[in-house]
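J.: just coords:
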């Protein structure tokens, strides 16, 4: 693991920069997609911590999940 990257700070900065999501779609399919992408991101974060995933994959997964949260 590359210790120069502070994943928690990157994550928190990105989440805090998101606009309010009070108008989120309540469509079942979108909710399920958001949940699936969130779980995928958690899995990739754990794999990254173990050295089994790249930072680029971690960042890409974070981007997909946060974009889904804005739907």
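T.: Looks like it arrived, so ask away. Values in this document were obtained by computation on a predicted structure and should not be read as measured data.
J.: can you map out the helices along the chain?
T.: For the chain, the helices defined by DSSP state H cover 7-17, 28-49, 55-69.
J.: any idea which of the ones you listed is most buried?
T.: helix 55-69 (a mean of 16; mean count of other C-beta atoms under 10 Å). Heads up, the C-betas are built off the backbone N, CA and C, glycines and all.
J.: Show me what that helix is in contact with.
T.: 2, 5, 7, 10-11, 14-15, 18, 21, 24, 30, 33-34, 37-38, 40-41, 44-45, 48 (C-beta atoms under 8 Å, 6 or more residues apart in numbering).
J.: Roughly how far does the closest residue to residue 45 other than its chain neighbours sit from residue 28?
T.: Spatial nearest neighbour of residue 45, excluding adjacent residues (C-beta to C-beta, 6 or more residues apart in numbering): residue 58 at 6.3 Å. Per C-beta to C-beta, to the nearest Å, residue 58 is found 28 Å from residue 28.
J.: In terms of pLDDT, where does the residue nearest to the spatial centre of the chain sit?
T.: Taking C-alpha atoms, centre = their mean, the centroid of the chain lies closest to residue 62, which sits 2.8 Å from it. On the pLDDT scale, residue 62 is placed at 94.
J.: same check, this time on residue 71
T.: So, for residue 71, pLDDT stands at 74.
J.: Hmm, residue 30 and it touching each other?
T.: Yes. When contacts are counted by C-beta atoms under 8 Å, residue 71 is listed as touching residue 30 (5.3 Å).
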